[in-house]
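Peer 1: okay, here's the prediction I keep looking at, along with the sequence it came from:
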Amino acid sequence: MAFDAQTEQPDEALLALYAQGDPAAAHALSQRLLPPVLRYAARMLGDMAEAEDIAQEAMLRLWRAAPGWRAGEAKVSTWLWRVAANLCTDRLRRRRGVPLDSVPEPEDGAPGALAAMIAADRMAALDAALAALPERQRQAVVLRHIEGLSNPEIAAVMDIGVEAVESLTARGKRALAAQLAGRRGELGYDDAQ
Amino acid sequence: MTMRNDLDDRDLDSLFAAAREGAPTDALMARVLADAAAHRPRAAAPPVAVAPARRSWWAALAGGFGGYALAGLGAAALAGLWIGFAVPAAYESVGSGAEMVELIPDETLLLVAALDVEG
């Protein structure tokens, strides 16, 4: 089946096509699922190389699970988020005690327009603020506010109740705002939105 | 109250939206697709056209008569053989005392009969 025709198909249908040996289905699934999983891992781990390993491993587990996938039992994206979340948690546990060095310093004199520098500064500030949050709050905030998962989905990924998710995201967002307090002008929000 | 130099909800939402723009490198995408190719189940092979095997005379016979009819025929043949070899003792005693009866007249009788007709 042509890739274009597959971009509108649900994840589960694509996974079923992959399980039947359709190579284009894997391409469509990767285009759809890899970017958010990579972003999530990068924000959880603060290290792009590690995040890439985690994202690749999560996708690999999806390929392996495809032949035995039971339709209607679990949402593919939620399953993948859960795998990625567990892999990140394992990775964080292994390096517990080692301070996160997650904030890439903006490169002085880097080529690019002012807007690009502002954008880079904002991302660096956001990543630094996220890295300062407790792990569960960071996880909930990234899933809710950056990747746009619903609270019930986050509850399934984190294996907690919806109320606990609401509490974590609310506290996390407040803590994030506190981390960024006083930096509005520095991050270019006075003259650029 | 939010101070002027603090980020408000709108600023945070804008920051979150910008954070959604990251994309994997081509190298990572290639690694993931290579994994997918390595673990992809093989597509179901299209049905291979198989030349019909030559039917043996036995199969043709079975087809012509029908399997059950042929089985019945075989069973009857076997039963006949068994009866032929295993002659019951009762029949043997009957056979031993019997006299021979000539049903077809021999040549001499036929010749006498012919002479009588001519005479």
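Peer 2: Yes, it's here.

Peer 1: where does pLDDT dip in chain A?
Peer 2: The model of chain A has pLDDT under 70 over residues A:1-7, A:97-113, A:191-193.

Peer 1: can you give me the strands for it?
Peer 2: Using DSSP state E, chain A contains no strands.

Peer 1: which single residue of it ends up nearest chain B?
Peer 2: residue A:21 (3.0 Å; Cβ to the nearest Cβ). C-betas here are computed from N, CA, C, even on glycine.

Peer 1: now do the phi/psi pair for that residue.
Peer 2: Backbone torsions for residue A:21, taken as degrees, to the nearest 10, come to phi 100, psi 20.

Peer 1: quick check: it touching residue B:36?
Peer 2: No: Residue A:21 is not in contact with residue B:36 according to Cβ atoms under 8 Å; the separation is 11.2 Å.

Peer 1: and those two? Which one has more around it.
Peer 2: residue B:36 (21 against 13; other Cβ atoms under 10 Å in any protein chain shown).

Peer 1: for that one, which non-adjacent residue is spatially closest?
Peer 2: Spatial nearest neighbour of residue B:36, chain neighbours left out: residue A:26 (3.6 Å); criterion: Cβ to Cβ, 6 or more residues apart in numbering or on different chains.

Peer 1: gap between the one you found and residue A:38?
Peer 2: According to Cβ to Cβ, to the nearest Å, residue A:26 stands 16 Å off from residue A:38.

Peer 1: could you do residue A:92 as well?
Peer 2: 17 Å.

Peer 1: could you pick out the longest helix of chain A?
Peer 2: Scanning chain A for the helix with the most residues, using DSSP state H, yields helix A:23-45.

Peer 1: dump it to PDB, restricted to CA.
Peer 2: Output of helix A:23-45 as PDB, limited to C-alpha atoms (Å, rounded to 0.1, in the frame of the first residue of the first chain):
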ATOM      1  CA  PRO A  23       7.100  -2.200   4.700                       C
ATOM      2  CA  ALA A  24       5.300   1.100   4.100                       C
ATOM      3  CA  ALA A  25       3.300   0.700   7.300                       C
ATOM      4  CA  ALA A  26       6.500   0.700   9.400                       C
ATOM      5  CA  HIS A  27       7.500   3.900   7.700                       C
ATOM      6  CA  ALA A  28       4.200   5.600   8.400                       C
ATOM      7  CA  LEU A  29       4.200   4.400  12.000                       C
ATOM      8  CA  SER A  30       7.700   5.600  12.500                       C
ATOM      9  CA  GLN A  31       7.000   9.000  11.100                       C
ATOM     10  CA  ARG A  32       4.000   9.300  13.400                       C
ATOM     11  CA  LEU A  33       5.300   7.800  16.700                       C
ATOM     12  CA  LEU A  34       9.000   8.300  16.700                       C
ATOM     13  CA  PRO A  35       9.200  12.100  17.000                       C
ATOM     14  CA  PRO A  36       7.000  12.400  20.200                       C
ATOM     15  CA  VAL A  37       8.700   9.500  21.900                       C
ATOM     16  CA  LEU A  38      12.100  10.900  21.100                       C
ATOM     17  CA  ARG A  39      11.100  14.300  22.400                       C
ATOM     18  CA  TYR A  40       9.700  12.800  25.600                       C
ATOM     19  CA  ALA A  41      12.800  10.700  26.200                       C
ATOM     20  CA  ALA A  42      15.000  13.700  25.600                       C
ATOM     21  CA  ARG A  43      13.100  15.800  28.100                       C
ATOM     22  CA  MET A  44      13.100  13.000  30.700                       C
ATOM     23  CA  LEU A  45      16.700  12.100  30.300                       C
END
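
Peer 1: show me which residues of that helix are buried.
Peer 2: A:24-45 (16 or more other Cβ atoms under 10 Å in any protein chain shown).

Peer 1: likewise stretch A:11-22?
Peer 2: For stretch A:11-22, by 16+ other Cβ under 10 Å, it's A:11-12, A:14-19, A:22.
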